[in-house]
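Peer 1: how would this look folded up:
(chains A and B)
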Protein chains: 2
Amino acid sequence: MKARVYVMPKAGVLDPQGKAIGHALEGLGFTGVKEVRAGKVIELDLAETDPAKAKAAAEDMARRLLANTVIESFRVEIA
Amino acid sequence: MKARVYVMPKAGVLDPQGKAIGHALEGLGFTGVKEVRAGKVIELDLAETDPAKAKAAAEDMARRLLANTVIESFRVEIA
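Peer 2: As a prediction, this is how the structure comes out:
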């Protein structure tokens, strides 16, 4: 069972990587880019076959390792 | 209009970051994690209001800056 964990910087938290991407896009001539936020996706292939249990496990992994919940929020999707 | 660009290493491309996350999860006692792949999400806030045009612009940005299409594949979602 595949689980995808999306990790994004929380609103209000400074995101220098996003800012840098925004400037680079501008430098390439892309106009109308208002804000850019950069985050991570972690795709997990789990042995667990129960979707609810797989989601709970992935959320536990996100809280304990994948996301820094002080400055990042996460979302788990089961596919 | 918000666009999300998901960038993942292509199948078959070595992903050391994913491997490191897999080992760390194992070290924390998580069992049953078969494979881990690590990618990026870039959230763009675009001035464009037409979904088709916004998607085309985001795809162009992905090809020219956000993804290295030799080793990475990308997917654009308009929200």
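
Peer 1: just checking, what packs against the lengthiest strand in chain A?
Peer 2: Taking DSSP state E as the criterion, chain A has its longest strand at strand A:33-46. Applying 3 or more Cβ pairs under 8 Å, 6 or more residues apart in numbering or on different chains; DSSP states H and E, we find strand A:33-46 packed against strand A:2-9, helix A:16-27, helix A:51-61, strand B:2-9, helix B:16-27, strand B:33-46. Every residue, glycine included, has its C-beta placed from N, CA and C.

Peer 1: now do 7 Å
Peer 2: Under the contact criterion of 3 or more Cβ pairs under 7 Å, 6 or more residues apart in numbering or on different chains; DSSP states H and E, strand A:33-46 touches strand A:2-9, helix A:16-27, helix A:51-61, strand B:2-9, strand B:33-46.

Peer 1: nearest residue to A:Glu43 other than its sequence neighbours?
Peer 2: B:Arg37 (4.3 Å; Cβ to Cβ, 6 or more residues apart in numbering or on different chains).

Peer 1: That neighbour is in contact with B:Ala11, isn't it?
Peer 2: No: using Cβ atoms under 7 Å, B:Arg37 is not in contact with B:Ala11; the gap is 8.9 Å.

Peer 1: Count the neighbours of A:Asn68 for me.
Peer 2: 12 (other Cβ atoms under 10 Å in any protein chain shown).

Peer 1: Surely it is within a helix?
Peer 2: No: A:Asn68: not assigned to a helix; according to DSSP: H, G, I helix; E, B strand; the rest coil it is coil.

Peer 1: who has more neighbours, B:Arg37 and B:Ala11?
Peer 2: More crowded of B:Arg37 and B:Ala11, by other Cβ under 10 Å: B:Arg37, with 22 against 7.

Peer 1: any idea of the pLDDT on that one?
Peer 2: With respect to pLDDT, B:Arg37 scores 97.

Peer 1: list the contacts for it?
Peer 2: Counting by Cβ atoms under 7 Å, 6 or more residues apart in numbering or on different chains, B:Arg37 touches A:Glu43, B:Met8, B:Pro9, B:Asp15, B:Gly18.

Peer 1: Perfect, that will be all.
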